[in-house]
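**Q** sharing a model that was predicted from the sequence below.
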Amino acid sequence: MFLTLTLLRKGIPGKQWIGKHRRPRPITWQMKANMLKHLEREAENEYWISRPYMTREQEHCHAAERRAQSWQKIRERNFFKFPEHKYITDHLDHLNTTKTWSR
């Protein structure tokens, strides 16, 4: 397809690096080396992920105490933000300017 396009026309229609009929990029030695490094890194990650650090019994509830402590800290922090209690007398105290009706 690219051969016929180049033979019959001047070149690739539109922008040559994007689109459906784009010019293929040449594969360089650096691209191959980068791909090999990427595949080796991925294989090493799969190796380490496949071997767990803890057994299932050790992993069960291993962070319960730490989570409880962090939850307690969050509760205390929110408790200090809570406003003080207000009573109805505080809200209606401005009405006590004159008490002429109580004489």
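**A** Yep, it's here.

**Q** run through the helices of this structure in chain order.
**A** Taking DSSP state H as the test, the helices found in the chain are 2-8, 29-50, 56-59, 64-81, 88-92.

**Q** could you dump those to a markdown table with mean neighbour count, distance to Arg23 and mean pLDDT?
**A** Backbone N, C-alpha and C define where each C-beta goes, glycine included. Formatted as a markdown table, those follow (neighbours: other C-beta atoms under 10 Å; distance: least, C-beta to C-beta, whole Å; pLDDT from 0 to 100):
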| stretch | mean neighbour count | distance to Arg23 | mean pLDDT |
| --- | --- | --- | --- |
| helix 2-8 | 9 | 7 | 67 |
| helix 29-50 | 10 | 16 | 97 |
| helix 56-59 | 9 | 52 | 86 |
| helix 64-81 | 9 | 56 | 90 |
| helix 88-92 | 8 | 77 | 86 |
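
**Q** looking at those, which is closest to His21?
**A** With C-beta to C-beta as the criterion, His21 lies closest to helix 2-8 of the helices of the chain, at 7.3 Å.

**Q** can I get the helices of the chain in CSV with distance to Trp17?
**A** Shown next, in CSV, are the helices of the chain (distance: least, C-beta to C-beta, whole Å):
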stretch, distance to Trp17
helix 2-8, 13
helix 29-50, 15
helix 56-59, 49
helix 64-81, 51
helix 88-92, 71
